[in-house]
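> Got a sequence here, can you build the structure:
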Amino acid sequence: MAQITRLHHGPSEDTLSFWCPGCAATHTVRVSGAGAWGWNGSRDKPTFTPSVKVTWPAHPDAVEEFKEWRTERVCHSFVKEGRIQFLSDCTHAMADQTVDLPPLPAPYADEDLPAAA
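Reported below is the predicted structural model:
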């Protein structure tokens, strides 16, 4: 059976990204070097510390199709033992929910990861 990929390299070798089902996008954390998050080294049940908070600025002139972009958007979560605990300050529909970290969609799932440092 093929291994399910839940992490991939972010924009650089010292970052890892995971798929956020609340945002339908990847979120990236630095796992080595200055300002690194803690990572338990697990590809199957990763834990990152501290929390992961991603924000996007408001775009007041967004077209109707993207009207949710007219206000600041926030995704704030803890990733613990392969589960995402969305906090109450999230602006998406998954606030206050905890879910399994989903597999990465293609093309992200095709990348190999290094061992934990």
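
> In a helix, residue 68, correct?
Yes - counting by DSSP: H, G, I helix; E, B strand; the rest coil, residue 68 is located in a helix.

> In the chain, which residue is most central in space?
Nearest to the geometric centre of the chain sits residue 27, at 3.2 Å (C-alpha atoms, centre = their mean).

> any idea how far residue 38 is from residue 61?
39 Å (C-beta to C-beta, to the nearest Å). From N, CA and C alone the C-beta is placed, and that goes for glycine too.

> Which of these two has more residues huddled nearby?
residue 38 (11 against 7; other C-beta atoms under 10 Å).

> Might you report the residue contacts of that one?
Shown in contact with residue 38 (C-beta atoms under 8 Å, 6 or more residues apart in numbering): 47, 48, 49, 50.

> before we move on, what SS does residue 65 have?
Of the three states, residue 65 takes helix under three-state DSSP.

> what's downstream of the lowest-mean-pLDDT helix or strand in the chain, the next helix or strand?
One helix or strand of the chain scores below all others by mean pLDDT, DSSP states H and E: strand 8-9, with a mean of 66. Using DSSP states H and E, the helix or strand that follows strand 8-9 in sequence is strand 15-20.

> what are the pairing partners of the very next helix or strand once past that following strand, and which direction each?
Where DSSP H and E defines the elements, the next helix or strand beyond strand 15-20 is strand 25-30. The pairing partners recorded for strand 25-30 under DSSP bridges are strand 15-20 (antiparallel).

> Compute the mean per-residue pLDDT across the strand it pairs with, please.
In this model, strand 15-20 has a mean pLDDT of 90.

> try stretch 28-41
Rounded mean pLDDT across stretch 28-41 is 91.

> what separates it from the chain centre, distance-wise?
13 Å (C-alpha atoms, centre = their mean, to the nearest Å).
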